[in-house]
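Novice: Build me a model from this:
(chains A and B)
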Amino acid sequence: MIALRTLRTRSGLGFRASSLRCTQFTAKRGYAAAAGELKKTGLYEFHVKRGAKMVPFAGYSMPLQYGDVGQVAAHNHVRSSVGLFDVGHMVQSIFRGATVTQFLEWLTPSSLSSLAPYSSTLSVLLNDRGGIIDDTVITKHAEDSFYVVTNAGRRDRDLAWFNEKLEEWNSSERSASGKVELEVLEDWGLLALQGPEAAEYLQSLTSFDLKGLTFGRSAFLPIEGFNLHVARGGYTGEDGFEISVPPKHTEEVAQLLARHPVQLTGLGARDSLRLEAGMCLYGQDLDEDTTPVEAGLTWVIGKDRRDSADFIGFEGVKKHLKDGPPRRRVGLIVEGAPARQGATIYKPGTKEPLGSVTSGIPSPTLMKNIAMGYVQSGWHKKGTELEVEVRKQMRKAVVTPMPFVRTNYYRG
Amino acid sequence: MFSVLRQVSRTGSFRPRYTEAHEAISFDDSSKLGTVYITDYAQSSLGDVVFVELAKVGEKVEKGDNIGAVESVKAASDIYAPVSGVVKEINEALNSQPGLLNKSPEDKGWLCKIEVSDPSEVESLMTEEQYVEHCKCPGA
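Specialist: So this is what the prediction gives:
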């Protein structure tokens, strides 16, 4: 809370408590966009000016790549130097209130009461069956305030779920010591600066010592006159930062973050980077019929919460924890041709299907075909040989631990 | 402008013909061999090609059969035989240098040579002028 207050008096650029009054209005506005009409982030013009090829993604017009920089070159630049991504399509929200920790521990299986302030955790929103509604990164600012980032493609589902559950919570005994409110940070920018040279670059713009900001931590940083929420982490497996920016400053901050050696990086490289890092893409690798146990995300379920039965979806999750899940997400290295989403995985030498690929690419870093998918339990162990069908031919696939490419997080 | 317009000077009298799926074939009626490749327009929309898989030499193919695939990091695009015939040669250089498809799609990045069984099938494909028009259509 101290940082938030300091911020307001100093520059007024922080998350403003006063805008809470608008909660209902802002939350509803998201549903108003006409079907079929693509939304734009605050950086649309910025991208177009820089030669971006814009494509539809999760209801937004987003940059696929820039100018004549191919996907492989952009990918390699992030692995070796630093790239900037516009992730402003993602939904940024603030949950506040005296009982907010308990509320979010009802919505997710994470241990949020023991999470240190200004720390983040990957988490999942679960439906009543324990299926994943969305994956999310939750940052605790204080016992009564959390910053939550969810997927653009799940915006309508997530916001409807949040509002339904808020109403239920706030009209129940559980909120006796204080109600919970949601503020969606509509039109705020979110920029991801990623790569081994990201810290050096960002350090040149701030007096804050980034050595003190380790992976999974966040802080408000003075950056060239702005005070911005910066979280150390990202979706590439590299060291990096996710920087939240108020709508009217997004383009200016993007310009600050896009100078040499930073290269603007689009969705194409974003997908190959995250897959090499073994990270899930909701809608491909995760869905409402998949529990976190099946998805290999058991680690997001707090150890102290596995018997507590107090979160939504507990029964389904508990069953998979106790009996083992019927299928599991695995990494695969595929010989011959890349296996793409939808390719069937077989028991070797048979026509007996064991599951299917959910994401697959030729890895630019490894020069091998990598994939993730789901297989029947028992066939998920490291080194297990399987077959994947690509263009009517069986290709050998070996179960391989993820991440495929070693992560390079800064842990101090 | 698409570089298809440079075709005539490069391949002499063998005027290439085109499919709606952006394959092209340059037919030599003395040897009956048709060289199959993808157009410059196709390679630029595919992005960096990192893998090419082709039918085997000696394989008999019907017009429209899948004869392989060209893959960028983001997607795989199937390649279909523009005409019927027998695969006589494949471009082995693409195994080690798939990027030739981007650099030189209509020359060094050729895919395979098909011994054409019915030359009239070549004539039934789009001419260069028709193909250029086709590329202007939305959704081409």
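Novice: Can you name the residues bridging to residue B:37?
Specialist: Following DSSP bridges, residue B:37 is listed with bridge partners residue B:24.
Novice: surely it meets residue B:100?
Specialist: No. Assessed by CB atoms under 8 Å, residue B:37 is found out of contact with residue B:100, at 10.3 Å. No exception for glycine: its C-beta is placed from N, CA and C like everyone else's.
Novice: Between the two, which contacts overlap?
Specialist: Counting by CB atoms under 8 Å, 6 or more residues apart in numbering or on different chains, the contacts common to residue B:37 and residue B:100 are residue B:109.
Novice: Among those two, which residue is more densely surrounded?
Specialist: Taking neighbours as other CB atoms under 10 Å in any protein chain shown, residue B:37 and residue B:100 compare with residue B:37 leading, 26 against 19.
Novice: residue contacts, that one?
Specialist: Residues near residue B:37 by CB under 8 Å, 6+ apart: B:23-26, B:105-106, B:109-111.
Novice: Out of those residues, grab the one that's most surrounded.
Specialist: residue B:24 (28 neighbours).
Novice: So it is in contact with residue B:39, correct?
Specialist: Yes. Counting by CB under 8 Å, residue B:39 is a contact partner of residue B:24 at 5.4 Å.
Novice: So what's the residue count around residue A:352?
Specialist: The number of residues packed near residue A:352 is 10, by other CB under 10 Å.
Novice: these two touch, right, it and residue A:344?
Specialist: No. Applying CB under 8 Å, one finds residue A:352 not in contact with residue A:344, separated by 10.3 Å.
Novice: Kindly report the residues of chain A close to chain B.
Specialist: Neighbours of chain B within chain A, by CB under 8 Å from any CB of the partner chain: A:65, A:70-73, A:75, A:268, A:271-272, A:336-338, A:340, A:361-362, A:364, A:369, A:391.
Novice: Can you tell me which of those residues are buried?
Specialist: Taking 16 or more other CB atoms under 10 Å in any protein chain shown as the criterion, what is buried in the residues of chain A next to chain B is A:65, A:70-72, A:75, A:268, A:271-272, A:336-338, A:340, A:361-362, A:364, A:369.
Novice: Now stretch B:68-87: average pLDDT?
Specialist: Taken as a whole, stretch B:68-87 has a mean pLDDT of 93.
Novice: quick one: is it near chain A?
Specialist: Yes. Stretch B:68-87 is in contact with chain A by CB under 8 Å from any CB, via B:69, B:71-76, B:78.
Novice: how about low-confidence regions in the stretch 1-150 of chain A?
Specialist: Applying pLDDT under 70 to the stretch 1-150 of chain A flags the ranges A:1-36.
Novice: Do a quick rundown of the helices in it.
Specialist: Here the stretch 1-150 of chain A has its helices, by DSSP state H, counting those that start in this stretch, at A:2-10, A:23-29, A:44-49, A:71-80, A:100-107.
Novice: And the stretch 151-300 of chain A, by the same measure?
Specialist: Along the stretch 151-300 of chain A, counting by DSSP H, counting those that start in this stretch, helices occupy A:155-170, A:198-203, A:250-256, A:267-276.
Novice: Can you add distance to residue A:213 and mean pLDDT and give those back as TSV?
Specialist: Shown next, in TSV, are those (distance: least, CB to CB, whole Å; pLDDT from 0 to 100):
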stretch	distance to residue A:213	mean pLDDT
helix A:155-170	28	98
helix A:198-203	9	98
helix A:250-256	18	98
helix A:267-276	21	97
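Novice: Could you single out the most deeply buried of those helices?
Specialist: Compared across those, helix A:267-276 shows the largest average neighbour count, a mean of 25 (mean count of other CB atoms under 10 Å in any protein chain shown).
Novice: What's the first helix or strand after that helix?
Specialist: Using DSSP states H and E, the helix or strand that follows helix A:267-276 in sequence is helix A:314-323.
Novice: So for that following helix, what gets flagged as buried?
Specialist: Those would be A:314, A:316-318, A:320-321, for helix A:314-323 by 16+ other CB under 10 Å.
Novice: For chain A, what's the nearest residue on chain B?
Specialist: Residue nearest to chain A within chain B (CB to the nearest CB): residue B:48, separated by 4.1 Å.
Novice: How about that residue, nearest residue that isn't a chain neighbour?
Specialist: Nearest residue to residue B:48, sequence neighbours excluded (CB to CB, 6 or more residues apart in numbering or on different chains): residue A:70, at 4.1 Å.
Novice: so who does residue 65 touch?
Specialist: No chain specified, so I'll use chain A. Residues in contact with residue A:65, defined by CB under 8 Å, 6+ apart, are A:52-53, A:71, A:74, A:266-269, B:47.
Novice: that's the wrong chain, I wanted chain B
Specialist: Residues counted as contacts of residue B:65 (CB under 8 Å, 6+ apart) are B:80-81.
Novice: per-residue confidence at it?
Specialist: pLDDT, read off for residue B:65, is 94.
Novice: Phi, psi for it please.
Specialist: With angles defined as degrees, to the nearest 10, residue B:65 sits at phi -70, psi 150.
Novice: and the closest residue to residue B:77 other than its chain neighbours, how far is that from residue B:102?
Specialist: Counting by CB to CB, 6+ apart, residue B:77 lies nearest to residue B:70, which is 5.2 Å off, once chain neighbours are set aside. Distance, residue B:70 to residue B:102, using CB to CB, to the nearest Å: 10 Å.
Novice: Pick out the residue closest to the middle of chain B.
Specialist: Central residue of chain B (CA atoms, centre = their mean): residue B:37, 2.2 Å from the mean position.
Novice: and stretch A:297-309, how far apart are its ends?
Specialist: End-to-end distance of stretch A:297-309 (CA to CA, to the nearest Å): 18 Å.
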